[in-house]
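need a structure here:
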Amino acid sequence: MTEPTLFDVGTDVGSQLPPAYPHRAPRGTASTLRQWQQEALDRYIERRPRDFLTVATPGAGKTTFALRVAKLLVESGEVNRLYVVAPTDHLKRQWADAAARVGLSIDPNFKNSDGRHGTQFMGVAVTYSQVANKPALHRNKTEAGRTLVIFDEIHHAGDALSWGEGVREAFEPAARRLALTGTPFRSDTSPIPFVTYQEDPDGVRRSKADYSYSYGPALIDQVVRPVVFMAYSGTMRWRTASGEEMESTLGAAATKDITSHAWRTALNPEGEWIPAVLRAAHQRLLKVRDKIDDAGGLVIATDHEAARAYAAQLDAITGQRTTVVLSDDKSASRRIEEFSDDGSRYWMVAVRMVSEGVDIPRLCVGVYATSTSTPLFFAQAVGRFVRMRKKAEVASVFLPSVPVLTELANELEAERDHALQVPETAQNDDDVAEEDLLDEAQQEDRASEELTKGEFAALGSQASFDKVLFDGDEFGLGGDIGSEDEMGFLAIPGLLEPEQVSELLRKQQAEQLRRRPAESRSRPDVVDHRALKATRSKLNKSVSAYAAKTGMHQGSIHTKLRTACGGPPVPQATQSELETRLKQLQLWFLGKK
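The predicted structure is shown next:
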């Protein structure tokens, strides 16, 4: 015989609740919450909701908040069963360990084939995939008790239609549902179950959080670490599927195809770019370990083959065996735990598995060596490095200097809701210029297809230091690998307050400028950057039109124009050089040489 559910269909939720929650700290929990956690808890107690969505930046302590809510509800008698739904098996165990520390026993090893969990547990931790595979089973378990469901990273319920439908079917009868996320939601047309939406004046329906705590406030509150982004550029060469040899500077204003293939060339383990960046990142890690002796590093790779190759390069750089974590490795969770606990280990290399939710507090240095370019993934990846242990720790993330990533780095504090049914009028209607890398439609929760489709051969890559990104500002004037220009930024201490980080970065930039020859510092004629951008955009549109007419690759047309007219690539070309190319292209349209 099943236990009755707490709520009857159509009954007002608030009318069935006890007059008040206990305000004391539940037994087995810490007595002090962070300010944001207490504020969120107070709001939960005030509203007594059936559904509650909390959006808090990675590393802020969403798990602690959620388990405090769970403990309150258990001790008040309002729930007697706990479900945690998480993205991965590793996170199931992480949740079970955290719950055990506050006196709540849940089974992370529960399988759908088990049917029911042991009586020694008050609930289970499962994955979204498990729920989608057998939603009726989980609905029966939900109905068998007064159930609280905690959705860890609720956006995963929108990853596939079957997942969302399964989550809705399984947990519709739950007494309470607490949804958590630490990342910007995607834009699509499928609502996430149990998330409230409201329509904006522009006609877009957006998710409405019950409590939000973004990276900016968390940084001010010293709940998370400040992140310094080290961006690296360089010259890339590759051969296209049609046999054409191409060359481009990584991060230069270029077509999406050229930028994508340059990026892919940079990440190729056989080139010089990735080993140079790994060496620089290890130098940074050693500097951080001067003050934080157990600091560790994480490289996030695109695929398994690249991950193994990067690990081999790190082995040679560090003289130490690198931990490799792959999604198809049954020992992955054990490897993560061992690396987390062993402060003598320098580096871990992983694909997607360590990008979300996995808690390794000693991570201080990262290398973003992946082709995934969505705000969702980027925020989760950076979130692995921001968890605060002691005040004044600084995180460093190395990344390719491509516009889509540097923009995400500069907008780390931006809050994004889940947008539904975005009308065409709400889309960005800016001109599609050569430097516009990825539009909003491409920034979905999937790896960038531009970097994985098509055949090509990477011919070579060279790395150069580009700039440092911090708190929305850019520092540094570029430099060769191993130069004073680069080493000055790599040597920034690992224990600094955010204000000290900005001050040191400004000083280092001033020192770099002082070392430059006087003639390079003299003020050139003022350039009308708006007119220059407009001419670039006009040239790119014309090249695109000519490509459609002739079937030629846009990159080949740009190369042909440079051959005919002379001058540097588009990003470095002057106004007059761009206008000369436009005139030449107009002649080609008319069939003239």
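
give me the three-state assignment for the residue nearest in space to the middle of the chain.
The centroid of the chain falls nearest to residue 378 when counting by C-alpha atoms, centre = their mean (1.7 Å). Following DSSP: H, G, I helix; E, B strand; the rest coil, the label given to residue 378 is helix.

that one and residue 128, how far apart?
Look at residue 378 and residue 128: by C-beta to C-beta, to the nearest Å, they are 21 Å apart. (C-beta placed from N, C-alpha, C; glycine too.)

so what's the residue nearest to the centre of the chain up against?
368, 372, 405, 408 (C-beta atoms under 8 Å, 6 or more residues apart in numbering).

same thing with residue 211?
Contacts of residue 211 (C-beta under 8 Å, 6+ apart): 39-40, 43-44, 52-56.

of those, closest to residue 307?
residue 56 (29.4 Å; C-beta to C-beta).

find the residue closest to that closest one in space, skipping its chain neighbours.
residue 213 (4.2 Å; C-beta to C-beta, 6 or more residues apart in numbering).

can you show me the strands along the stretch 301-450 of the chain?
With DSSP state E, counting those that start in this stretch, the ranges of strands along the stretch 301-450 of the chain come out as 323-325, 347-350, 363-369, 395-400, 419-420.

out of those strands, the one nearest residue 158 is which?
Short answer: strand 419-420, nearest of these by C-beta to C-beta, at 10.1 Å.

can you tell me which helices and strands the longest helix seen in the chain packs against?
Secondary structure of the chain read by DSSP state H shows that its longest helix is helix 529-550. If contacts are counted by 3 or more C-beta pairs under 8 Å, 6 or more residues apart in numbering; DSSP states H and E, helix 529-550 sits against helix 554-565, helix 575-589.

tell me which residues in the last one are buried?
For helix 575-589, a neighbour-count test (16 or more other C-beta atoms under 10 Å) marks 577-578, 580-582, 584-585, 588 as buried.

next one: stretch 550-564
553-562.

same question, stretch 232-247
Those buried within stretch 232-247 under the rule 16+ other C-beta under 10 Å are 232-238, 240, 246-247.

show me where the stretch 101-250 of the chain has helices.
Counting by DSSP state H, counting those that start in this stretch, the segments of the stretch 101-250 of the chain that form helices are 128-133, 135-143, 161-171, 215-220.

any chance of these in a markdown table, plus mean pLDDT and mean neighbour count?
Supplementary listing: the helices of the stretch 101-250 of the chain in a markdown table, determined by pLDDT from 0 to 100; neighbours: other C-beta atoms under 10 Å:
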| stretch | mean pLDDT | mean neighbour count |
| --- | --- | --- |
| helix 128-133 | 94 | 21 |
| helix 135-143 | 96 | 19 |
| helix 161-171 | 88 | 19 |
| helix 215-220 | 79 | 18 |
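
let's have the ones you listed in JSON lines, adding distance to residue 535.
Formatted as JSON lines, the helices of the stretch 101-250 of the chain follow (distance: least, C-beta to C-beta, whole Å):
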{"stretch": "helix 128-133", "distance to residue 535": "49"}
{"stretch": "helix 135-143", "distance to residue 535": "56"}
{"stretch": "helix 161-171", "distance to residue 535": "45"}
{"stretch": "helix 215-220", "distance to residue 535": "36"}
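
residue 546 is nearest to which of those helices?
Nearest of those (C-beta to C-beta): helix 161-171, 40.8 Å.

residue contacts, the nearest residue to residue 364 once chain neighbours are set aside?
In space, residue 364 comes closest to residue 295 once its chain neighbours are excluded; the distance is 4.0 Å by C-beta to C-beta, 6+ apart. Neighbouring residues of residue 295 by C-beta under 8 Å, 6+ apart: 285, 288-289, 362-365, 494.

how much space is there between residue 295 and residue 244?
Residue 295 is 44 Å from residue 244, by C-beta to C-beta.

again with residue 551
Distance from residue 551 to residue 244, by C-beta to C-beta: 13 Å.
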